[in-house]
Structure formats: structure tokens, C-alpha cells
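Trainee: what follows is a predicted structure for the sequence shown.
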Amino acid sequence: MRKNTPTIVLVHGFWGGAAHWSKVIVALSRLGHADIRAVELPLTSLSDDAQRLQKMVAQQEGPVLLVGHSYGGAVVTQAGDMPNVAGLVYIAAFAPDAGESPGGITEQHPPLAAANLAPDSDGYLWIRPEKFHQSFCQDLSADEGLVMAVTQKAPLASTFGDAVAAPAWKRKPSWYQVSAQDRMIAPENQQRMSQRMGARKIITLEASHASLASMPQEVAALIDEAARA
């Protein structure tokens, strides 16, 4: 077991819960990381989600490495400027600047699957189940895509418009994984955000938005490198 590494806290995004990290959790464990947590966000507002993450971070002893996928990147950006947060890892994720929202960033380069989103009468935003596989995780099997579609966790659509106040990546070291075949966050947006933050390392994977599930070994290797740094 590797010593002197931070607790890794994994932060999911829209349309998925903490279980989206399942393959990465196994890979990190095999790399020697014993202290791994995965927060479950309410996906009701950026403020609510950031507060939930900060409560979990505050419960950890010693330094913490935050890892955000998709909208989870906005959450770690908003919540991550805490004394015990050692760094931030972004996995095909939003990394807004001050005053920016995930929705505003999305409008700059609309993703290929934008038309497959559908709000319901309660204000939650879903990926149409029959379009989920091709939109979110086209590089996974049809069976895995079906499970993700049926178990998707829809955010309140208003969360898309919630802006970050003080981005933690301006104060914490960061790492970024770009998904070159992403249909949910345009790769152009990922490249711009990763370069703007001055990430210590940027890797590009030929992966869908669900790189954490389709290429977990590569994702875990980047997290491991950040943890050891």
C-alpha cells in the first residue's frame, strides 16, 4: 500500500451517480490507493452540490485530491479552495472561470448530442433513454449503455445556468483528461478549459464522455500521477 498519498474524492456529473466511478475505483485500489471516497450529489444546484462535497472533504483527515467528471468539474471548481485540498483532476469536465456556468460554456461549442436532451414537467433534464448510448457512452457495450440510460440521474435543468464564483483551479494544481470523441461536452471546450487553467498535465483519450467507464485504467493512471505529485 502506497503511503503519503491524499484521500481521493471522486465527484460524478450529470446523468450519473457515484457508481459511474466503479471501474476507476477498482483500478485505483489496485494501484495501492486505500483512501477513496465517492460523493453522491443531489444535482439540484451548484451551491447545493458544492456544499455536499465540502462536507465530505471536511470529514477527511489529511490532504484530499478532488476528481470531477463532467459537471463534477464545476463542483470541484466551486468547492475546491479548501485548506486540505491538495489538487484537482478533471475528467472530460467543466472547469468554469469566475462568472461562467456549464450552460454558458456549452453554448460556445454545442456538443453533438445536445438535441438528445429533454426536460420533463418537473424541471429535470434527461438524456432521451433511446439516445443515451450514442450520446454519453458510445464506446461502451450496448448492455452497459442500457444500464446507464435506465439508471441515469437527471439534474434540475436550472443547474446548467449556475455560475462559479471563485475557481479553485486558480489556486490549486490541476490535471485534465480530454475525451476526443465526447458528444456531451465538445472537445474544443475541453481543450480550451484545460489550457486556460495551466494544467500540470493534459492527456487526450480517444474516448466518449464516459471515459471513466470506457478507459478506466488510463483515467486511474492520471489520478494516480496527480496523487503522487
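Mentor: Perfect, thanks for sending it.
Trainee: now the helices for the protein?
Mentor: 22-30, 46-58, 72-79, 102-108, 132-136, 142-150, 187-196, 211-214, 216-228 (DSSP state H).
Trainee: wait, Leu117 sits on Pro129?
Mentor: No: look at Leu117 against Pro129 with Cβ atoms under 8 Å: they stay out of range, at 11.9 Å. C-betas here are computed from N, CA, C, even on glycine.
Trainee: picking up where we left off before, could you dump the helices of the chain to CSV with distance to Asp122 and mean neighbour count?
Mentor: Listed next are the helices of the chain as CSV, based on distance: least, Cβ to Cβ, whole Å; neighbours: other Cβ atoms under 10 Å:
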stretch, distance to Asp122, mean neighbour count
helix 22-30, 28, 17
helix 46-58, 16, 19
helix 72-79, 22, 30
helix 102-108, 19, 17
helix 132-136, 19, 22
helix 142-150, 19, 15
helix 187-196, 28, 18
helix 211-214, 28, 26
helix 216-228, 33, 20
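Trainee: where does Pro6 sit relative to His109, distance-wise?
Mentor: 33 Å (Cβ to Cβ, to the nearest Å).
Trainee: neighbour count: the two, which is higher?
Mentor: Pro6 (20 against 14; other Cβ atoms under 10 Å).
Trainee: hang on, Phe136 packs against Leu212?
Mentor: No: Phe136 lies out of contact with Leu212 (Cβ under 8 Å); the separation is 11.3 Å.
Trainee: any residues touching stretch 39-51, and which ones?
Mentor: With Cβ atoms under 8 Å, 6 or more residues apart in numbering as the contact definition, stretch 39-51 has outside contacts at 9-12, 14, 17-18, 52-53, 56, 71-72, 74-75, 78-79, 101, 153-156, 158-159, 162-164.
Trainee: so what's the gap between it and the chain middle?
Mentor: For stretch 39-51, the separation from the chain centroid amounts to 13 Å (computed by Cα atoms, centre = their mean, to the nearest Å).
Trainee: what average pLDDT does that stretch get?
Mentor: For stretch 39-51, mean pLDDT is 98.
Trainee: if you count what's nearby, which of Leu117 and Pro129 comes out ahead?
Mentor: The residue with more neighbours, out of Leu117 and Pro129, is Leu117; 19 against 15, by other Cβ under 10 Å.
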